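Novice: Quick one, what's the 3D model for this:
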Amino acid sequence: MDAALSLPLLIGLVGIALFFDFLNGLHDAANSIATIVSTRVLRPHYAVAWAAFFNFIAFLFFGLHVAETLGTGIIDAGSVTPRLIFAALMGAISWNLITWFFGIPSSSSHALVGGLVGAALARTGFDAIVWTGLLKTVSAIFLSPAIGFFLALMLVLLVSWLFVRQTPFAVDRTFRGLQFVSASLYSLGHGGNDAQKTMGIIAVLLFSEGHLGGEFHVPFWVVITCQSAMALGTLFGGWRIVHTMGSRITRLKPMQGFCAETGGAITLFGATWLGIPVSTTHTITGAIVGVGAARRVSAVRWQLAGNIVVAWVLTMPAAALVAACFYWLGGVV
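Specialist: Got it, this is the predicted structure:
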């Protein structure tokens, strides 16, 4: 597969990338809708349609900094081959399917990064890695949930102080309306950050095959197809993970759901602006833990949260190992 691809094979590989994007939306639908579903503000099927719409239109609000990072900032673009991209995608897809089946809210983003790194190491070794971009992405594993946790915690404290004289019924009614806004913002941030990762993969594949005129950029048709694939995946929803995210970590009320989504959205907006491919799963999990801890520390199921963190740590090396195996198998076949 290292030779120049025929057009049908190139289209097939782009199709695999879009399938990963679809799975990303399916796997990460929970990130966008878990809180608004668990607080019973929206029924699940209405919630996924709401989230899918904002996933799709995200390209209207954000630049393509994350796509550029995935395309050229994790591994050297000059070392990219179709076989490497195939192996990276299969590593990420395999890990996504495993964690989706078991209802584990792992990161599709870091599975893709792990797949890229594993395939690149199998092909070229450490010389292929762009260490500044990789270290920035790895640091986000710890920073994005921590920032989401802190912002959500601060928002709960602020909102509780502002509404201290209101009755619980009035607070609940107010934040049932406001949760539509916060869920929209979070879905917008999700679509803006996550869809760009597949854009970067497709763009660097086209660049490696000489279809971008010698300069790396993301064609508009790639932007639209990636946003569409992610929105379609979101429509199908990852119900196993919705249950974990929305009710098993901590019980949420509309005010808490609003604070978690808003804290998470602010984190995603900042990361997308900076071009950092963060995990929307990590971000919203940190925010949900933050609002639970604001109520009382015992309100959070810390053992479950700890199991999720273990899955986060395993994601990149596990996807990298699977991708490396696919790369070696590609040479045999």
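
Novice: in this structure, which spans are strands?
Specialist: Per DSSP state E, the chain carries no strands over any range.

Novice: And the lowest mean pLDDT element among the helices and strands of it?
Specialist: Among the helical and strand segments of the chain, the one scoring lowest on mean pLDDT, DSSP states H and E is helix 239-243, with a mean of 52.

Novice: Pro44 and Ser38 touch, don't they?
Specialist: No. Using C-beta atoms under 8 Å, Pro44 is not in contact with Ser38, being 10.1 Å away. In short, each C-beta sits where N, CA and C put it, glycine included.

Novice: In terms of neighbours, single out the busier of these two.
Specialist: Taking neighbours as other C-beta atoms under 10 Å, Pro44 and Ser38 compare with Ser38 leading, 23 against 16.

Novice: Relative to Leu116, how far out is the residue nearest to Leu70 when sequence neighbours are not counted?
Specialist: In space, and not counting its chain neighbours, Leu70 is closest to Gly200: 2.9 Å by C-beta to C-beta, 6 or more residues apart in numbering. Per C-beta to C-beta, to the nearest Å, Gly200 is found 10 Å from Leu116.

Novice: Can you check which residues contact both of the two?
Specialist: Leu70 (C-beta atoms under 8 Å, 6 or more residues apart in numbering).

Novice: okay, those two: which has more neighbours?
Specialist: Neighbour tally, Gly200 and Leu116, criterion other C-beta under 10 Å: the higher count belongs to Leu116, 32 against 28.

Novice: That one and Leu185: what is the separation?
Specialist: In terms of C-beta to C-beta, Leu116 sits 29 Å off from Leu185.

Novice: likewise Phe220?
Specialist: 25 Å.

Novice: Between the two, tell me which one has more neighbours.
Specialist: Using other C-beta under 10 Å as the criterion, Phe220 and Leu185 rank with Leu185 on top: 18 against 9.

Novice: For the residue lying closest to the more buried one once chain neighbours are set aside, which residues are in contact?
Specialist: Closest residue in space to Leu185, ignoring its immediate chain neighbours: Ala265 at 3.9 Å, by C-beta to C-beta, 6+ apart. Counting by C-beta under 8 Å, 6+ apart, Ala265 touches Ser182, Leu185, Tyr186, Leu188, Gly189.

Novice: Mind pulling up the pLDDT for the closest residue to Thr132 other than its chain neighbours?
Specialist: The shortest distance from Thr132 to any non-neighbouring residue, by C-beta to C-beta, 6+ apart, is to Gly73 (7.6 Å). As predicted, Gly73 sits at a pLDDT of 89.

Novice: Could you do Ala49 as well?
Specialist: Reported pLDDT for Ala49: 83.

Novice: what sits against Gly78?
Specialist: Counted by C-beta under 8 Å, 6+ apart, Gly78 has zero contacts.

Novice: Next one: the residue nearest to Leu185 from Thr167, what distance?
Specialist: 28 Å.

Novice: picking up where we left off before, how far away is the residue nearest to Thr132 from Ala183?
Specialist: Where Ala183 is concerned, Gly73 sits at a distance of 30 Å (C-beta to C-beta).

Novice: Check Arg123 too.
Specialist: 41 Å.

Novice: More neighbours: which of those two?
Specialist: Each of Arg123 and Ala183 has its neighbours counted (other C-beta under 10 Å); Ala183 has more, 28 against 21.

Novice: Skipping adjacent residues, who's closest to the more buried one in space?
Specialist: That would be Ile36: by C-beta to C-beta, 6+ apart, it lies 4.5 Å from Ala183.

Novice: Could you double-check that that neighbour sits in contact with Val48?
Specialist: No. Look at Ile36 against Val48 with C-beta under 8 Å: they stay out of range, at 10.3 Å.

Novice: Counting neighbours, what do you get for the spatially closest residue to Ser94 that is not a sequence neighbour?
Specialist: Nearest residue to Ser94, sequence neighbours excluded (C-beta to C-beta, 6+ apart): Val322, at 4.9 Å. Using other C-beta under 10 Å, Val322 has 24 other residues around it.

Novice: cool, and Asp127?
Specialist: If we define neighbours as other C-beta under 10 Å, then Asp127 has 10 of them.
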